[in-house]
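K.L.:
Structural data only, the sequence is not supplied:
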């Protein structure tokens, strides 16, 4: 049995300097959220089909990003995204 083959759909540039620590699509699949790791720790919301950044914000703290195991996007009351840090 051969493994599946994949192709690049889009390349998301400028969301973080070195590496992504978490990614998640919204319910409709048209937006992508990413969290960058060291040294910038940026939370970025993308229109991934256009490879366009919609929103970018510095994560609250380096500690919360280092401990983030998962990123989730759910539409709640019409808001496109809410964040929660522990």
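P.N.:
All right, it came through fine. Just so we're clear, the structure is a prediction, and the values are computed from it rather than from any experiment. Numbers count the residues shown, from 1 in each chain.

K.L.:
Going by C-alpha atoms from here, please, whenever you check contacts or count neighbours.
P.N.:
Will do.

K.L.:
Okay, now the unreliable bits of this structure?
P.N.:
For the chain, the stretches with pLDDT under 70 are 60-86.

K.L.:
okay, now residue 37: neighbour count?
P.N.:
By other Cα atoms under 10 Å, the residues close to residue 37 number 20.

K.L.:
And it, how far from residue 16?
P.N.:
Going from residue 37 to residue 16 by Cα to Cα, to the nearest Å gives 7 Å.

K.L.:
Check residue 32 too.
P.N.:
Counting by Cα to Cα - residue 32 and residue 16 are separated by 14 Å.

K.L.:
What ranges does this structure have for its helices?
P.N.:
Along the chain, counting by DSSP state H, helices occupy 62-66.

K.L.:
give me the beta-bridge partners of the nearest residue to residue 31 once chain neighbours are set aside?
P.N.:
Among residues not flanking residue 31 along the chain, residue 47 sits closest, at 5.0 Å (Cα to Cα, 6 or more residues apart in numbering). On the basis of DSSP bridges, residue 47 is bridged to residue 31, residue 52.
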